[in-house]
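Q: fold the following.
(one chain, ligands or ions: 1)
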Amino acid sequence: MPAHDRDIIDHFRDALARRFGLAFDDGKRTFLADVLTRRVGRGGEPAARAYVERLSAGRIRGEEAAELVRECTVGETYFFRHPDQYRALADAVLVGRERPRLRILSAGCASGEEAYSLAVLVREHVSDGSNGDARVVGIDLNPDALAKAALGRYTPWSLRGVPDDLRQRVFRVSGKEHQIDASVRALVSFEERNLLDDAPDFWYPGAFDAIFCRNVLMYFTPEATRAVVDRFARALAPGGLLFLGPAETLRGVSNDFHLCHAGDTFYYQLRPAGETAAVSAAPVTAVADESWVSAIGRASDRIARLSRGARAADAPGPVAPPRPGGGTAPRDPAPPGLPAAREMVRQERYADALAVLGSLADAERDDPDAKLLRAVSLTNCGQVGAAERLCHEVLAGDELNPEARYLLALCLEHAGNLGGAMEQDQAAVYLDPQFAMPHLHLGLLRKREGDRAGARRAFERALALMPREDAPRVLLFGGGFTRETLLRLCEAELRATGTPQ
Ligand SMILES: C[S@@+](CC[C@H](N)C(=O)[O-])C[C@H]1O[C@@H](n2cnc3c(N)ncnc32)[C@H](O)[C@@H]1O
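A: Got it, this is the predicted structure:
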């Protein structure tokens with residue numbers, strides 16, 4: 001462990017966040033201390049202080065900045081990584097278009113595999129063998145990676161996701177490496193840019209039709225993520241598309257985009273300008289003013305509020321009756337009628353809960369949490385059509401709401417729309433990977449469709465998540481079952497789907 005004091009490491013961490021957007025939690029202190037030691041060599045404490053000051057002042061640039069970022073990030077990439085997203089882009093903007101005029105950005109392109117994959121995709125879809133009117137720009141702040149990208153030479157390992165026939169069409173073997181075809185290279189340019197730096201001549205309105213920024217924002221602070229996504233929204237043409245990595249979502253980050261689903265993947269489409277304003281004015285979108293992390297925390301608090309006054313399904317002890325006047329906890333800011341309704345849901349008195357929720361004043365009834373509680377009660381009363389309409393209402397204000405997506409999946413299954421139900425479950429788990437119930441539901445739906453392997457994967461995931469699932473969420477969305485029962489159900493389903501193939 002290097003001898004840098006906590007103070008320097010904190011400053012180093014702040015400077016990395018401000019200069020490059022990179023986020024490190026407390027558990028990464030030792031890692032950061034090691035990085036700093038390597039950057040300043042034998043210079044010790046004074047050199048470390050001077051280095052952090054230069055970094056804060058934006059005076060660490062070029063090779064040194066690249067080295068620093070390389071130490072702090074993962075540059076892993078390969079051709080056609082997350083292939084569903086390339087198919088989704090092709091279906092959305094390439095299929096059926098003769099000579100598409102397209103400007104695509106690969107933001108955080110590393111050594112260029114993503115940018116070239118996009119160019120290959122375009123070429124494969126332009127029928128006259130030309131490049132049409134398409135351009136791909138790759139940007140990164142690592143000049144070494146960009147130099148490699150410009151060469152266009154790759155090892156077979158980088159090409160592991162490229163089918164053989166395509167490999168033969170667009171690469172020429174050169175010694176132990178593969179050289180990308182000149183016609184593909186002609187479509188692509190690379191620039192050294194920091195995503196955090198504003199450059200109006202680059203990020204002008206309508207500059208891009210699609211942006212791929214995958215496996216980059218997951219390393220960013222919430223503030224940097226929001227700033228970069230705002231920049232993307234401003235630089236995208238109307239209806240432009242944004243592709244993030246599979247572990248990255250815009251939940252709690254931006255309301256400027258619609259969530260789109262294709263195959264096993266999700267991506268985003270810029271909302272029309274007027275629509276954005278309408279949505280940001282809605283109370284539910286207050287989450288956009290918060291950090292990504294606190295938004296997730298807030299979602300959990302919100303669920304807790306929804307069910308506060310109701311004992312968690314598996315918590316021991318007597319149930320406290322609702323207080324006269326409604327409030328179950330002094331700091332509960334929820335509408336006053338809600339606590340009574342929650343308690344009724346906990347007691348499975350769904351019709352009573354609906355009566356209470358129906359008597360709320362208009363503003364309270366329009367609260368998304370009240371709508372979700374009503375949707376839960378309606379589902380349990382068999383009024384699934386009405387519950388479905390409410391889910392759509394909640395999603396119209398906040399389409400990144402995982403609980404509304406999950407409830408909608410239950411409603412769609414009830415209506416016989418299994419495909420739609422699976423899509424909503426997938427959206428729910430994409431938006432909140434810790435949400436156990438949609439995994440379980442997805443497993444049951446896949447089993448019905450005869451997809452045993454897919455069902456098994458979903459049950460395994462549900463089984464792993466269920467012990468850690470929020471107790472209030474089990475209460476509200478567990479269909480009246482306790483956590484124990486849901487766990488046993490996962491285990492039984494896993495046994496029923498047999499051993500993995
Ligand atoms: C894991 S790679 C992602 C490569 C590719 N997008 C993919 O998904 O395969 C992350 C890249 O983001 C780049 N990066 C990190 N912070 C950046 C910033 N502030 N501006 C530009 N690029 C950045 C890193 O240099 C690295 O090359």
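Q: next secondary structure after the worst-scoring helix or strand of the chain on mean pLDDT?
A: Within the chain, no helix or strand scores below helix 292-307, which has a mean of 41 by mean pLDDT, DSSP states H and E. Using DSSP states H and E, the helix or strand that follows helix 292-307 in sequence is helix 337-346.
Q: list the helices and strands that following helix packs on?
A: helix 292-307, helix 350-358, helix 368-380, helix 471-477 (3 or more C-beta pairs under 8 Å, 6 or more residues apart in numbering; DSSP states H and E). Heads up, the C-betas are built off the backbone N, CA and C, glycines and all.
Q: average pLDDT for it?
A: When pLDDT is averaged over helix 337-346, the result is 83.
Q: now stretch 103-122
A: On average, stretch 103-122 scores 96.
Q: show the end-to-end separation of it, please.
A: When the termini of stretch 103-122 are compared using C-alpha to C-alpha, to the nearest Å, they are 11 Å apart.
Q: hang on, residue 59 in a strand?
A: No - according to DSSP: H, G, I helix; E, B strand; the rest coil, residue 59 belongs to no strand; its state is coil.
Q: now do the contacts for it.
A: Listed by C-beta atoms under 8 Å, 6 or more residues apart in numbering, residue 59 has no contact partners.
Q: what of the one 4 residues further on?
A: Applying C-beta under 8 Å, 6+ apart to residue 63 gives the contacts 143-144.
Q: from the ligand, how far off is it?
A: Noted for residue 63: a distance of 13 Å to the ligand, by C-beta to the nearest ligand atom, to the nearest Å.
Q: distance from the chain centre to the strand or helix carrying residue 44, please.
A: Using DSSP H and E, residue 44 maps to helix 44-56. Computed by C-alpha atoms, centre = their mean, to the nearest Å, the separation of helix 44-56 from the middle of its chain amounts to 35 Å.
Q: export it to PDB, keeping only CA atoms.
A: Provided in PDB are the C-alpha atoms of helix 44-56 (Å, rounded to 0.1, in the frame of the first residue of the first chain):
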ATOM      1  CA  GLY A  44       6.700  10.500  -3.300                       C
ATOM      2  CA  GLU A  45       4.200  12.700  -1.600                       C
ATOM      3  CA  PRO A  46       5.200  16.100  -3.000                       C
ATOM      4  CA  ALA A  47       5.200  14.700  -6.600                       C
ATOM      5  CA  ALA A  48       1.800  13.100  -6.000                       C
ATOM      6  CA  ARG A  49       0.400  16.400  -4.800                       C
ATOM      7  CA  ALA A  50       1.800  18.300  -7.700                       C
ATOM      8  CA  TYR A  51       0.400  15.700 -10.100                       C
ATOM      9  CA  VAL A  52      -3.100  15.900  -8.700                       C
ATOM     10  CA  GLU A  53      -3.000  19.700  -8.900                       C
ATOM     11  CA  ARG A  54      -2.000  19.500 -12.500                       C
ATOM     12  CA  LEU A  55      -4.700  17.100 -13.200                       C
ATOM     13  CA  SER A  56      -7.300  19.300 -11.500                       C
END
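Q: which helices and strands does that helix pack with?
A: Judged by 3+ C-beta pairs under 8 Å, 6+ apart, the packing partners of helix 44-56 are helix 6-20, helix 29-40.
Q: reformat those helices as JSON lines; add distance to the ligand and mean pLDDT.
A: Putting the helices and strands packed on helix 44-56 into JSON lines (distance: least, C-beta to the nearest ligand atom, whole Å; pLDDT from 0 to 100) gives the following:
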{"stretch": "helix 6-20", "distance to the ligand": "4", "mean pLDDT": "93"}
{"stretch": "helix 29-40", "distance to the ligand": "15", "mean pLDDT": "94"}
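Q: nearest to residue 168 among these would be which one?
A: Closest to residue 168 of those, according to C-beta to C-beta: helix 6-20, at 39.0 Å.
Q: name the residues that touch the closest one?
A: 22-24, 28-29, 32-33, 36, 45, 48-49, 52, 55-56, 58, 60, 65, 68-69, 72, 141, 194, 196, 221, 223-224.
Q: list the buried residues of that helix.
A: Across helix 6-20, burial judged by 16 or more other C-beta atoms under 10 Å covers 8-9, 11-13, 15-20.
Q: just the pLDDT at the residue nearest in space to the middle of the chain, thanks.
A: Central residue of the chain (C-alpha atoms, centre = their mean): residue 249, 1.6 Å from the mean position. Confidence at residue 249, expressed as pLDDT, is 93.
Q: that one: what's its closest spatial neighbour, skipping adjacent residues?
A: residue 431 (5.5 Å; C-beta to C-beta, 6 or more residues apart in numbering).
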